[in-house]
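1. sequence unknown, structure follows:
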């Protein structure tokens, strides 16, 4: 088997281990491929080789890879439509190289490993662990179609890891069994866990399940001049699954925080997509789990000043995401009445309305 030359993200050891599984028996040394430059393919920040007679692509030469190693690496790179082709390296070594498809084009921006490591690298490495959990069960093409949600879930895990200590009990949790039962836009994990108890012992094995999804941003636009808010109406799967006849819900603007986005940027984008709004300053009012007993879903909730003339009401949504949204202008007094008589059946809406009732002078 030829050696393998790696010029991109797999030069990062943590990322390589996430994909290869181990490096037992593999010899790794620096190398270079003359006649090529490494460029950045946006928006996924994928490194690709571009022919350049005056350049040389720096990388790593891997020798001693087993068939199992190669199968894992080929699966991972296959999701990006990369092919394997032999090339002669600067030191004369004959090595296989992952070559991008012609459809990738010829990006001009240089790709640098240190920039990737300081930027999206940790998120993409976490995503690689999930990608490789499907090895042997899914095709590379199927994984590629799920990369948006996979990366969004990885970004949520990174944000979760930065959560400060809130003073609650921090015991040991062991997970002897974990099985992903479903994965598409969301994921569902079946788990067996054992955890430390308040009395100082350890629980028995407990069967649990967790609904795994990306973090979400929620923003309620408020016009202090007209004393009204904008709510969006759309069909919701929760009421459908529960058997609720009220399948269309009134709620604030909301959506997934995409890979590479901050919650604030996501809030501004969702306002444009769902209601064609340009928001004023954002006031963060809560960071909360939607249902911590069974779901990872975490909400960043904002209230924002906005200009809400009559023309702000109407139809909207991102058609390529299957959204069918109607925007409503609701007087603040009516919104507060909706919270009192339980017509506001959306928890983030109630929370934002109650905050606004107490703090609307901050947006005047």
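-> Cool, got the structure. Fair warning: this is a prediction, and the values are worked out from it, not measured in the lab. Numbers count the residues shown, from 1 in each chain.

2. what stretches of the stretch 1-150 of the chain score poorly on pLDDT?
-> Residues of the stretch 1-150 of the chain meeting the criterion pLDDT under 70: 1, 43-44, 103-106.

3. could you pull out the strands for it?
-> Under the criterion DSSP state E, counting those that start in this stretch, strands of the stretch 1-150 of the chain are mapped to 3-6, 27-41, 46-63, 83-88, 94-99.

4. which one of those is the most hemmed in?
-> Burial of the strands of the stretch 1-150 of the chain is given as mean neighbour count (mean count of other CB atoms under 10 Å); strand 3-6 ranks first at a mean of 22. In short, each C-beta sits where N, CA and C put it, glycine included.

5. So which elements touch it?
-> With contacts defined as 3 or more CB pairs under 8 Å, 6 or more residues apart in numbering; DSSP states H and E, strand 3-6 has these neighbours: strand 46-63, strand 94-99.

6. List the contacts of the closest residue to residue 326 other than its chain neighbours.
-> Spatial nearest neighbour of residue 326, chain neighbours left out: residue 233 (4.5 Å); criterion: CB to CB, 6 or more residues apart in numbering. With contact set as CB atoms under 8 Å, 6 or more residues apart in numbering, residue 233 has these partners: 248, 249, 250, 251, 325, 326, 327, 328.

7. Next, give phi and psi for the fifth one.
-> In other words, residue 325. With angles defined as degrees, to the nearest 10, residue 325 sits at phi -120, psi 140.

8. Residue 152 against residue 261, yeah?
-> No. Taking contacts as CB atoms under 8 Å, residue 152 lies outside contact range of residue 261: 9.1 Å.

9. The two: who's more crowded?
-> Neighbours around residue 152 and residue 261, counted as other CB atoms under 10 Å, are more numerous at residue 152. The numbers are 22 against 17.

10. residues touching the residue lying closest to that one once chain neighbours are set aside, list them.
-> Spatial nearest neighbour of residue 152, excluding adjacent residues (CB to CB, 6+ apart): residue 214 at 3.5 Å. Shown in contact with residue 214 (CB under 8 Å, 6+ apart): 149, 152, 153, 155, 156, 256, 257.

11. List buried members of these by neighbour count.
-> Buried subset of the contacts of residue 214 (neighbour count, 16 or more other CB atoms under 10 Å): 149, 152, 153, 155, 156, 256, 257.

12. Closest to residue 299 out of those?
-> Nearest to residue 299 among the buried ones among the contacts of residue 214 is residue 257, at 10.0 Å by CB to CB.

13. Regarding residue 155, what are the backbone dihedral angles?
-> Torsion angles, degrees, to the nearest 10, at residue 155: phi -60, psi -40.

14. Surely it and residue 215 touch.
-> Yes. In this structure, residue 155 is within contact of residue 215 by CB under 8 Å, at 7.3 Å.

15. Quick check: neighbours shared by these two?
-> residue 257.

16. tell me the phi and psi of residue 212?
-> Residue 212 has phi and psi values of phi -110, psi 120 when expressed as degrees, to the nearest 10.

17. dump the residue contacts of it.
-> 153, 186, 187, 188, 189, 295, 296.

18. Let's have the strands of the stretch 1-150 of the chain in CSV, adding distance to residue 318.
-> Below are the strands of the stretch 1-150 of the chain laid out as CSV (distance: least, CB to CB, whole Å):
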stretch, distance to residue 318
strand 3-6, 37
strand 27-41, 24
strand 46-63, 24
strand 83-88, 33
strand 94-99, 33
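
19. how about the helix or strand where residue 359 lies: buried residues?
-> Under the criterion of DSSP states H and E, residue 359 resides in helix 347-359. Under the neighbour-count criterion of 16+ other CB under 10 Å, helix 347-359 has 348, 349, 351, 352, 353, 355, 356 buried.

20. Could you do stretch 63-82 as well?
-> 65, 69-70, 72-80, 82.

21. average model confidence for the helix or strand hosting residue 192?
-> Using DSSP H and E, the element containing residue 192 is strand 187-195. Mean pLDDT, computed over strand 187-195, is 97.

22. What is it packed up against?
-> The elements that strand 187-195 packs onto, with contact taken as 3+ CB pairs under 8 Å, 6+ apart, are strand 173-183, strand 206-212.

23. Local confidence estimate at the residue minimising distance to the centre of the chain?
-> Closest residue to the average C-alpha location of the chain: residue 152 at 0.6 Å, with CA atoms, centre = their mean. Among the per-residue scores, residue 152 holds a pLDDT of 94.
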